[in-house]
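Asks: Quick one: sequence and predicted model below, then my questions.
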Amino acid sequence: MDLDRIIAVIVLMAGSSTLADAQELAARYHAEKAINPLGEAVFVVVELANISSRTVQFDDGPCAQRFSPVVPIKQRSTDKLYGCAGEGTGGSCLGSFVELKPGEKLSRRYLLPDGLEPDAAGDFDYTVEREITFYARDGSHKVVDRQEVRGTFTIHAVQANHTQLEADYAPLVAHLQSRDPLQRALAASAITQHPQEFLEPVILRLSRDPQTMVASITGLKKLGTVRAKQRLAELTASGYEEYVRQPATTALAELGDSTYCELMLQLMNLRQGYTSEIAAKGAGLLCGEKAIPQLVSLLSRKPSTFPAYEIAYALGNTGSRTAVPILIELLGHADAGIHRAAKEALYTLTHWESNSDGDVARNSVES
């Protein structure tokens, strides 16, 4: 395989197994743009044509279109709250059954899942497999047929310039005001999954809209600017729902900015649901050894009000040798979940310690 080409296989699944072939669609796949500047969202167009002699009905909901790489793709590493031990969908969940008469065609636009887009200039070949499930048209939704379709397309990636990026993103920003909910969702996903610095005001606005607040967290994290981190910190506040606070706390912690060490400790000590448990792991990551006394205090409190396995993960995140004897003690805990967390935390420490220190932790795990 040439170094300037990545061969990826994407599976778009809408069912399982295969039945008779009485109904048939032809599929064609292609990148929406002939040239894709690096860093931009990549859209893939799927064109389906009914080449059978009868009207067909199938589920066109984007949630059924799951993308998963079959050939390994280069992964981008970031700090994770669970240390070293540990697919996306195109569009939103909007969709319905679709009927196509003989000869009719249907075109759909999907956002290439985050992480599968090219990260260097060149041609990137993709093979797409999709399994289509056909249903009875009598309202029973009974499965009557299945078909596998396959196609290929190439993404031609080039170096981008600021002016070009601004021009290319302008339609997506406009689509945020569309009356079409699917178009709005695709635009929001494209902008937050592939943010540019000039889009910071747009993403900040999305973070204030209840409909796009959670989606904006991905964009804020990827921006990683001072204002983006400040907004993530704001979203961890008690006034927001847990479904907002949890991903915001995770994102802020994984950005690795020790400026927010105190915030993580405060959130941890509030003991407000799972957000506080995430904050404990974040405190380990951002505060390092400074977090250990408070984590030990939570661990030793009787009756226990904080899951010991979460504290174990947090101790592993500190990267400190001081955490090793505490984790060794937790290895002997009767609770299998706590034992496993302690073992994984020690494993994490072996990746952060020097070779000599790492040997201490590694020997502890093996024993």
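Replies: Arrived safely. Numbers count the residues shown, from 1 in each chain.

Asks: Next up, the contacts around residue 24.
Replies: Residues in contact with residue 24 (C-beta atoms under 8 Å, 6 or more residues apart in numbering) are 50, 51, 52, 147. All C-beta spots, glycine's among them, are computed from the backbone N, C-alpha and C.

Asks: Next, it: phi, psi?
Replies: phi -150, psi 140 (degrees, to the nearest 10).

Asks: List the buried residues for stretch 107-118?
Replies: Using 16 or more other C-beta atoms under 10 Å as the test for burial, stretch 107-118 gives 108, 110, 111, 112, 113, 114, 116, 117, 118.

Asks: Same question for stretch 274-290.
Replies: Within stretch 274-290, the residues scored as buried using 16+ other C-beta under 10 Å are 275-288, 290.

Asks: do stretch 49-59 as well
Replies: 49, 50, 52, 56, 57, 58, 59.

Asks: The last one and residue 97, how far apart?
Replies: Computed as C-beta to C-beta, to the nearest Å, the residue 59 to residue 97 distance reads 6 Å.

Asks: before we move on, what about the third one?
Replies: Separation of residue 52 from residue 97 (C-beta to C-beta): 17 Å.

Asks: is it possible to export the buried residues of stretch 49-59 to a markdown table including pLDDT and secondary structure?
Replies: Compiled in a markdown table, the buried residues of stretch 49-59 are given as follows (pLDDT from 0 to 100; DSSP: H, G, I helix; E, B strand; the rest coil):
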| residue | pLDDT | secondary structure |
| --- | --- | --- |
| 49 | 91 | strand |
| 50 | 92 | strand |
| 52 | 89 | coil |
| 56 | 90 | strand |
| 57 | 90 | strand |
| 58 | 85 | strand |
| 59 | 78 | strand |
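
Asks: Out of the buried residues of stretch 274-290, flag the one nearest to residue 208.
Replies: The closest of the buried residues of stretch 274-290 to residue 208 turns out to be residue 275 (C-beta to C-beta; 19.7 Å).

Asks: The closest one is in contact with residue 236, isn't it?
Replies: Yes. If you go by C-beta atoms under 8 Å, residue 275 and residue 236 touch, sitting 6.9 Å apart.

Asks: Which residues are in contact with each of the two?
Replies: Common neighbours of residue 275 and residue 236 (C-beta under 8 Å, 6+ apart) are 245, 249, 267.

Asks: so of those, which ones are in helices?
Replies: 245, 249, 267 (DSSP state H).

Asks: OK, contacts around the last one?
Replies: Contact criterion C-beta under 8 Å, 6+ apart gives 236, 249, 275, 276, 278, 279, 282 as the residues in contact with residue 267.

Asks: Could you measure from residue 279 over to residue 330?
Replies: Taken as C-beta to C-beta, the span from residue 279 to residue 330 is 20 Å.

Asks: now the helix or strand containing residue 127: how far from the chain's centre is it?
Replies: Assigned by DSSP states H and E, residue 127 belongs to strand 122-135. The chain centre lies 20 Å from the centre of strand 122-135; the measure is C-alpha atoms, centre = their mean, to the nearest Å.

Asks: And that strand, what's buried?
Replies: 124, 126, 127, 128, 130, 131, 132, 133, 134, 135.

Asks: avg pLDDT for stretch 327-339?
Replies: Per-region confidence: stretch 327-339 scores 90 on mean pLDDT.

Asks: Please save the CA atoms from it in PDB.
Replies: Only the C-alpha atoms of stretch 327-339 are listed here, as PDB (Å, rounded to 0.1, in the frame of the first residue of the first chain):
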ATOM      1  CA  LEU A 327      -3.800   1.100  44.400                       C
ATOM      2  CA  ILE A 328      -1.900  -2.100  45.500                       C
ATOM      3  CA  GLU A 329      -4.200  -2.200  48.500                       C
ATOM      4  CA  LEU A 330      -7.300  -1.800  46.300                       C
ATOM      5  CA  LEU A 331      -6.100  -4.800  44.300                       C
ATOM      6  CA  GLY A 332      -7.000  -7.000  47.200                       C
ATOM      7  CA  HIS A 333     -10.500  -5.700  47.400                       C
ATOM      8  CA  ALA A 334     -13.200  -8.300  47.300                       C
ATOM      9  CA  ASP A 335     -15.300  -6.300  44.900                       C
ATOM     10  CA  ALA A 336     -14.300  -7.400  41.300                       C
ATOM     11  CA  GLY A 337     -15.100  -3.900  39.900                       C
ATOM     12  CA  ILE A 338     -12.700  -2.200  42.400                       C
ATOM     13  CA  HIS A 339     -10.000  -4.800  41.800                       C
END
